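Colleague: 3D model of this:
(one chain, ligands or ions: 1)
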Amino acid sequence: MKKYGGVTLIAIVCALAACGGGGSVPTSAGAGTTTFVQSLGPAAVLHFTLPANTIGEELPSEGVHTKTDPSWGLVGGFTQSTTAQVLAFPPNTTVTLTNLSKTYHHTLDVVKKVTGPPANFPPNPTLSTQAQGNGILGKGYASGSIAPGKSISVKLSNKGDYLIGCAFHYHEGMQDVIRVIAHATPGPTFDR
Ligand SMILES: [Cu+2]
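Modeller: Predicted structure coming up:
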């Protein structure tokens, strides 16, 4: 009697769950496990996870990629989660800006303040490689050169929408948008 306890339990569970038959239980459990393992594949490719209130930057080709935002259009090189996206933080957030690269120096420069989407990035803006703006994001702000793996802090004191770019790699796709707006949400990622 005891040795059939497990079988009886499966039968009861099946009855409650309206299973198609006792034989299907192990089969579907196996298939589920396989699917789960496979689903880890894309996640294993990611090489970083970012803490809250952090912007990571690197060349799109270094792994952060580009993204066509449904509102703003093509952005790249900057993320606050996993891959390139439009950035968004509430005003007065202090953000850590981290160079995710193992090789290249990067900057975050404000290209211009805008009134809304789409992002019409100017073809050849003048972007400073020297720090400007006293660590406060706004018109004319420039982070200065950030070495690979290093971070700086920037305060988002001035609300608005800003086009941003890297002074060294603007033409390699490091063009993005940061929204310093209450309740704004970062853009989507992942469907590259
Ligand atoms: Cu760069």
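Colleague: Any idea which helix or strand in the protein has the lowest mean pLDDT?
Modeller: Sorting the helices and strands of the chain by mean pLDDT, DSSP states H and E puts helix 24-45 at the bottom, at a mean of 36.
Colleague: Skip ahead from that one and say which helix or strand is next.
Modeller: Once the chain leaves helix 24-45, the next helix or strand it forms, by DSSP states H and E, is strand 54-57.
Colleague: List the contacts of that following strand.
Modeller: With C-beta atoms under 8 Å, 6 or more residues apart in numbering as the contact definition, strand 54-57 has outside contacts at 48, 50, 64, 77-80, 87, 95-101, 106, 108, 166, 174, 178. C-beta coordinates here come from the backbone N, C-alpha and C atoms, glycine included.
Colleague: Now list the buried members of the residues you listed.
Modeller: 64, 77-80, 87, 95, 97-101, 106, 108, 166, 174, 178 (16 or more other C-beta atoms under 10 Å).
Colleague: Which parts of this protein are strands?
Modeller: Along the chain, the segments classed as strands by DSSP state E run 54-57, 66-69, 73-76, 78-79, 87-89, 94-99, 109-114, 151-155, 160-165, 175-180.
Colleague: Give the pairing partners of the fifth one; include direction for each.
Modeller: So that's strand 87-89. Its sheet considered, strand 87-89 pairs with strand 175-180 (parallel) by DSSP bridges.
Colleague: For the partner strand, C-alpha coordinates in PDB please.
Modeller: Output of strand 175-180 as PDB, limited to C-alpha atoms (Å, rounded to 0.1, in the frame of the first residue of the first chain):
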ATOM      1  CA  GLN A 175      24.100  58.800 -29.100                       C
ATOM      2  CA  ASP A 176      21.300  58.600 -26.600                       C
ATOM      3  CA  VAL A 177      18.500  60.400 -24.800                       C
ATOM      4  CA  ILE A 178      18.200  61.100 -21.000                       C
ATOM      5  CA  ARG A 179      14.900  62.200 -19.600                       C
ATOM      6  CA  VAL A 180      15.000  64.000 -16.300                       C
END
